[in-house]
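In: got a sequence here, can you build the structure:
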Amino acid sequence: MKVYPHPLYISVSYFSRNLTFTLMNQSIRLTLSLILSVLACQVAAQVVTCSRTASLHDGQYDLTGTAYLELFDDGALQLRLGDDFDTDAGPDVQIFLSNDSTSIAGALMVADIGPGDGINHFSGALTLPIESGTDINDYRYIILRCVSFQAYWGGGTWSTDCDGSNGGGEEPIDTMMMAEDMCFETIVATTNWASEVTLCPNDGLDDIIPLLNTDRIPAGDTYAYIFADDNNLITRIHKEDAYNFEGSSLETENIFGVSYRGTLSYNVGDPITSITSDSCFILSSMTTFLKVIKENCATQFDCQNTLTATTNWATTVNICPTDGQPDLIPFLNNEFIDPTAGHYAYVITDLQNHIQQVVMESSFDFEDSGLESNRVFGVSYDANLTYIDEGHITTLMADGCAQISDTTELFLTITKEACEIPVENNLTITGKIIAAGRSGIHGVEVSLNQDMTTTTNADGVYTFNNLGPGTYTIKPSVTRSSQNGLSSTDLVLTARHILGLNKFDNIFQIIAADANNSNSVSAVDLVQMRLVLLGKSDSYSNNSSWRFFDMDSDLTGTDLTAPLDEVKTVILESTDITDTDFVGIKIGDINGSASLDVRN
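Out: You can find the predicted model right below:
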């Protein structure tokens with residue numbers, strides 16, 4: 001236990017000597033001149049029974065050192081500044097004991113250390129008495145404050161309540177090494193303990209703002225900064241000691257803090273006061289906090305007043321939007337603004353200036369756009385462009401500025417006339433070829449008037465384009481791959497039909513079995529099929545590998561002598577023909593197993 005002389009307890013005996021005492025009590029000075037013959041001084045030493053320490057830190061001014069709050073065995077209390085105490089000199093700097101880390105409301109004033117009426121002490125050791133009746137555990141903070149200018153000079157947090165186990169000494173106690181289950185009251189500010197800062201979050205320059213709390217607790221596992229809107233609704237929780245506001249919104253933000261242990265619980269959008277923890281937590285002051293005010297410092301876009309036209313600055317162009325040919329009209333504006341770079345668009349309207357389309361390109365294809373004339377205007381704008389389909393051009397707006405080109409005199413007008421493709425070269429014949437009872441046949445060669453040919457696609461569809469009016473004869477054919485789909489099963493089925501054991505009941509099987517195209521099924525057909533199956537012949541005599549019949553033919557009977565059309569004749573006049581369909585039958589394939597891809 002350390003022993004210090006207490007300034008309030010001095011016993012004096014007199015010897016033959018002259019001594020001048022100067023006693024100072026803030027603004028009162030009393031000088032006594034005593035001529036004594038004998039002076040004897042005996043200092044009665046007092047014992048420090050308990051001590052609390054505080055490591056001093058900067059406020060708005062530099063402050064370092066250690067403070068000691070010491071209780072003597074006779075109940076007297078003193079504040080002692082250590083040898084390491086050092087701070088900037090200033091007027092009316094006073095020392096307080098407080099329960100608010102930066103405020104002196106309800107605080108106990110200890111001494112004025114400034115010049116003038118004070119003791120003018122800003123460096124080194126100093127001992128100051130505390131008025132009687134004050135308990136060593138009454139206050140939590142030491143505050144240095146320039147009262148005249150209401151400036152927070154600096155301060156510190158006293159160590160835990162004095163119980164004789166962590167008393168005093170020359171070494172400061174690190175308040176962050178306190179019990180792990182303790183939480184602390186704080187106030188949030190930024191550099192120089194400013195409680196308000198103004199910045200420009202959209203000028204492209206970093207806006208990194210240091211975040212401070214009066215207990216100097218680092219953000220992380222035990223302290224977090226709470227960002228809130230002007231209604232003190234949570235926008236985010238930040239666990240670092242600085243934040244870059246560049247790129248954030250222009251809304252003002254309030255920043256609070258929370259000292260906590262355990263795990264924080266919160267919901268973005270909820271009030272700050274809804275924050276909880278599964279251990280202790282204390283929100284910072286709700287009346288003194290850091291306010292971040294934001295100004296719009298972005299470069300303002302200057303919208304241009306423009307005129308619109310087309311090639312050679314023509315303001316009228318006539319087109320044929322129904323001729324099947326592109327009608328790509330270039331757009332120009334007199335400020336040569338490129339719409340693909342943003343900030344400009346062309347607006348196509350009807351003759352009443354109702355918006356039909358907004359184009360972010362320098363041209364537009366008006367083919368198939370109808371026969372109603374159009375107008376083309378321009379709009380110079382900033383940020384996001386908004387408009388209503390079919391709305392009047394005056395309803396067009398932007399988040400920033402928006403300047404519509406001249407709508408009264410100089411603008412581009414698109415007039416239109418019907419220019420139909422001549423009927424002699426725009427007609428089409430389309431059809432489909434399927435296998436009997438199956439799907440489309442791929443690779444069938446289709447001839448038109450024996451001088452035009454095409455083949456069916458994977459769906460069995462064929463098309464002849466660009467035809468004029470006239471009569472056309474269509475004939476499908478496949479001459480290769482006679483073995484396709486032919487097997488011994490087909491021979492057995494044909495033999496049973498010939499013997500009358502299991503007669504065919506549809507014309508498709510009968511045509512398939514008539515290998516020699518004799519309009520009957522006999523043993524001769526069996527011989528033909530066998531030769532092809534064994535590879536001794538690659539085709540049938542008097543027959544092709546496939547036969548195709550007009551779907552409009554009567555295919556319901558079993559009589560091969562009935563007329564069946566293997567070609568189809570159509571007459572084109574002024575409209576397309578789309579139903580020239582055929583059914584295909586593979587010769588020799590009685591059970592319908594042939595591949596429907598006949599390209600090879």
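In: pLDDT below threshold where in the protein?
Out: Scanning the chain with the threshold set as pLDDT under 70 gives 1-45, 149, 161-181, 420-424.
In: change it to 50
Out: Residues of the chain that meet the criterion pLDDT under 50 lie in 1-44, 164-179.
In: and it, what are its domains?
Out: As recorded under automatic domain parsing, the domains making up the chain are 46-177, 188-294, 308-416, 422-600.
In: what's the span of the third one, first residue to last?
Out: The stretch domain 308-416 measures 19 Å between its terminal residues, going by C-alpha to C-alpha, to the nearest Å.
In: redo the domains of the chain as TSV? Include distance to D302 and mean neighbour count.
Out: Yep, even glycine has a C-beta here, placed from its N, CA and C like the rest. Formatted as TSV, the entries for those read as follows, by distance: least, C-beta to C-beta, whole Å; neighbours: other C-beta atoms under 10 Å:
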stretch	distance to D302	mean neighbour count
domain 46-177	43	18
domain 188-294	17	16
domain 308-416	8	16
domain 422-600	51	17
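In: so for F301, which of these sits nearest?
Out: With C-beta to C-beta, the closest approach to F301 among the domains of the chain belongs to domain 308-416: 3.7 Å.
In: how far is the closest one from where the chain is centred?
Out: A distance of 32 Å separates the centroid of the chain from that of domain 308-416, by C-alpha atoms, centre = their mean, to the nearest Å.
In: about what we covered before: same list, the domains of the chain, but as a markdown table with distance to F301 please.
Out: Shown next, in a markdown table, are the domains of the chain (distance: least, C-beta to C-beta, whole Å):
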| stretch | distance to F301 |
| --- | --- |
| domain 46-177 | 41 |
| domain 188-294 | 13 |
| domain 308-416 | 4 |
| domain 422-600 | 49 |
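In: so which of the ones you listed comes closest to Q300?
Out: Closest approach to Q300 among the domains of the chain (C-beta to C-beta): domain 308-416, 7.7 Å.
In: now do the contacts for I355.
Out: For I355, the contact set (C-beta atoms under 8 Å, 6 or more residues apart in numbering) comprises 347-349, 387-393, 395-396.
In: quick check: which element contains L531?
Out: Following DSSP states H and E, one finds L531 within helix 523-533.
In: so which elements touch the helix or strand following that helix?
Out: Proceeding N to C from helix 523-533, the next assigned helix or strand is strand 546-550, under DSSP H and E. Identification of packing neighbours for strand 546-550 by 3 or more C-beta pairs under 8 Å, 6 or more residues apart in numbering; DSSP states H and E yields strand 470-477, strand 582-586.
In: hmm, try it at 7 Å
Out: Other elements packing on strand 546-550 under the criterion 3 or more C-beta pairs under 7 Å, 6 or more residues apart in numbering; DSSP states H and E are strand 582-586.
In: what angle do the strand it packs on and strand 470-477 make?
Out: 20 degrees (axes from the mean of the first three to the mean of the last three C-alpha atoms, to 10 degrees).
In: now strand 582-586: how far from the chain's centre is it?
Out: Chain-centre distance of strand 582-586: 59 Å, with C-alpha atoms, centre = their mean.
In: pairing partners for it, with directions?
Out: Strand pairing for strand 582-586, using DSSP bridges, gives strand 427-435 (parallel), strand 546-550 (antiparallel).
In: reformat those as TSV; add distance to T64.
Out: Converted to TSV, the strands paired with strand 582-586 look like this (distance: least, C-beta to C-beta, whole Å):
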stretch	distance to T64
strand 427-435	95
strand 546-550	104
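In: so what touches stretch 66-75?
Out: Under the criterion C-beta atoms under 7 Å, 6 or more residues apart in numbering, residues 6, 46-56, 77-82, 84, 136, 142, 156, 158, 162, 168, 172 lie in contact with stretch 66-75.
In: and if you look at stretch 393-402?
Out: Counting by C-beta under 7 Å, 6+ apart, stretch 393-402 makes contact with 301, 303, 347, 349, 353, 355, 377, 379, 381-388, 404, 407, all of which sit outside it.
In: same check, this time on stretch 586-600
Out: 435, 437-439, 441-444, 478, 481, 484-487, 489-490, 493-494, 509, 512-513, 515, 529, 532, 540, 543, 545-547.
In: and the end-to-end length of it?
Out: With C-alpha to C-alpha as the measure, the first residue of stretch 586-600 is 15 Å from its last.
In: distance-wise, check the closest residue to Y381 other than its chain neighbours relative to L412.
Out: Distances taken as C-beta to C-beta, 6 or more residues apart in numbering put A398 closest to Y381, at 3.9 Å, once the chain neighbours are dropped. Counting by C-beta to C-beta, to the nearest Å, the gap from A398 to L412 is 22 Å.
In: what's the answer for G378, then?
Out: According to C-beta to C-beta, G378 stands 9 Å off from L412.
In: who touches both of those two?
Out: Contact with both G378 and L412 is made by residues T308, according to C-beta under 7 Å, 6+ apart.
In: hang on, T235 in a strand?
Out: Yes. Counting by DSSP: H, G, I helix; E, B strand; the rest coil, one finds T235 located in a strand.
In: now the helices for this protein?
Out: With helices called from DSSP state H, the chain shows them at 488-498, 507-513, 523-533.
In: mind putting these into JSON lines with distance to V188?
Out: Output for the helices of the chain, formatted as JSON lines (distance: least, C-beta to C-beta, whole Å):
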{"stretch": "helix 488-498", "distance to V188": "91"}
{"stretch": "helix 507-513", "distance to V188": "90"}
{"stretch": "helix 523-533", "distance to V188": "95"}
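In: could you say what helices and strands the helix holding L531 packs with?
Out: With contacts taken as 3+ C-beta pairs under 7 Å, 6+ apart, helix 523-533 sits against helix 488-498.
In: quick one: the helix it packs on to helix 523-533, angle?
Out: Using the same axes, to 10 degrees, the inter-axis angle of helix 488-498 relative to helix 523-533 is 180 degrees.
In: list of residues touching helix 488-498?
Out: Outside helix 488-498, the residues that touch it by C-beta under 7 Å, 6+ apart are 502-504, 513, 521-523, 525-526, 529-530, 588-591.
In: closest one of those residues to T561?
Out: V521 (12.7 Å).
In: just checking, the closest one touches I511?
Out: No. Using C-beta atoms under 7 Å, V521 is not in contact with I511; the gap is 9.3 Å.
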